[in-house]
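> okay, structure incoming, though there's no sequence with it:
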């Protein structure tokens, strides 16, 4: 099951979107024009007013036929009549349920994990800090994303449930709302830029009244990311890179505008499918992969392999790649939490600066001689 879940998460990380709103502004009938405080995300907008914020979630899933607007207001605050039709939440929240492991680091970075009361399939959570809350019974298992335990959620009565949809048919979300629960749809998984994903910490900062802290945390990530970019600014993208591995009868490579491909580009590597348009993934036959990448110098394999022998056992044809025979294969998915959750899937979206440094260490190890991988592991 964990393998399937990991593959599903990979597909979520690589799906495409079309949006552009960095300079978007919002006005209401009784409030002044406000500038969107989000800089990098294409799917999130936050407008801060005195006593309340307007949050807009755009393109929440592929080919979405609607966007979502939420009003986060402080106690005893009035809002314009034009905003009354939207879901309203009193902030700072005192309890929350989230449904993706990518949300856990945001809560912990803001030191708000103690307000988490429920999570679906808690075994997927890898963080030591939140696992202690799960083991202590403070965070309850509320089922699975597609089959949330409605009775348990009603009993927990969280002030907000942050979840996601994958298409325009979301009966579970409708049922939650019919039960009187406040639901927030988030779309961090639709972002295809490293900093765009990480900026979703600002949503959680707004939910817990920690906008200043959230901005400081995010600005530090941006600085670290830009510092890493400067580290390779004068490097040539010489090392040829193969990405992915066989899944059933297909080999999925990341398209040129995807989240993963952006890291490999920023780390100054020659990713062999960088010219494939789009931000999703492309399924190819093994023969097509071998034809193009037989002589690739580096292979970034997908899958939680612990060593090269495990990788070879999964497919006997892998030994036809030079990167395999030269033992120059890496994976970002081998490090697991106590219950088998993949640390990379949980933490990487919120810490792109660490992901980029891992890639730089792979392609230009001489630039980071004393750096230890956060996620990556070489398959020896």
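Sure thing, it's come through. This structure is a prediction, so every number in the text was calculated from the model and none was measured. Numbering: from 1, shown residues only.

> could you pull out the helices for this structure?
With DSSP state H as the criterion, the chain has helices at 2-14, 103-109, 128-135, 150-156, 171-178, 194-198, 201-207, 211-231, 259-266, 286-293, 308-314, 322-325, 343-347, 352-363.

> nearest to residue 56, of these?
With CB to CB as the criterion, residue 56 lies closest to helix 201-207 of the helices of the chain, at 10.7 Å. All C-beta atoms are positioned from the backbone trio N, CA, C, and that covers glycine.

> buried sites along stretch 148-167?
148-150, 153, 156, 158-166 (16 or more other CB atoms under 10 Å).

> any chance of the helices of the chain in JSON lines, plus mean pLDDT and distance to residue 63?
Below are these laid out as JSON lines (pLDDT from 0 to 100; distance: least, CB to CB, whole Å):
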{"stretch": "helix 2-14", "mean pLDDT": "45", "distance to residue 63": "15"}
{"stretch": "helix 103-109", "mean pLDDT": "98", "distance to residue 63": "24"}
{"stretch": "helix 128-135", "mean pLDDT": "97", "distance to residue 63": "33"}
{"stretch": "helix 150-156", "mean pLDDT": "96", "distance to residue 63": "28"}
{"stretch": "helix 171-178", "mean pLDDT": "90", "distance to residue 63": "17"}
{"stretch": "helix 194-198", "mean pLDDT": "97", "distance to residue 63": "19"}
{"stretch": "helix 201-207", "mean pLDDT": "98", "distance to residue 63": "23"}
{"stretch": "helix 211-231", "mean pLDDT": "98", "distance to residue 63": "29"}
{"stretch": "helix 259-266", "mean pLDDT": "97", "distance to residue 63": "19"}
{"stretch": "helix 286-293", "mean pLDDT": "98", "distance to residue 63": "28"}
{"stretch": "helix 308-314", "mean pLDDT": "95", "distance to residue 63": "34"}
{"stretch": "helix 322-325", "mean pLDDT": "98", "distance to residue 63": "36"}
{"stretch": "helix 343-347", "mean pLDDT": "97", "distance to residue 63": "24"}
{"stretch": "helix 352-363", "mean pLDDT": "98", "distance to residue 63": "26"}
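
> tabulate those (TSV), appending distance to residue 64.
Shown next, in TSV, are those (distance: least, CB to CB, whole Å):
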stretch	distance to residue 64
helix 2-14	14
helix 103-109	20
helix 128-135	30
helix 150-156	24
helix 171-178	13
helix 194-198	17
helix 201-207	17
helix 211-231	25
helix 259-266	19
helix 286-293	32
helix 308-314	36
helix 322-325	38
helix 343-347	23
helix 352-363	24
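
> which of those helices sits closest to residue 299?
Taking the helices of the chain one by one with CB to CB, helix 322-325 is closest: 3.7 Å.

> pull out the buried residues from that closest one.
322, 323, 324.

> please name the nearest non-neighbouring residue to the second one.
Once its chain neighbours are removed from consideration, residue 323 has its nearest residue in residue 299; the separation is 3.7 Å (CB to CB, 6 or more residues apart in numbering).

> quick check: bridge partners of the one you found?
residue 242, residue 329 (DSSP bridges).

> just checking, it touches residue 327?
No. Between residue 299 and residue 327 there is no contact under CB atoms under 8 Å: 10.0 Å.

> those two: who's more crowded?
Under the neighbour definition other CB atoms under 10 Å, residue 299 and residue 327 were set side by side, and residue 299 has more, 25 against 11.
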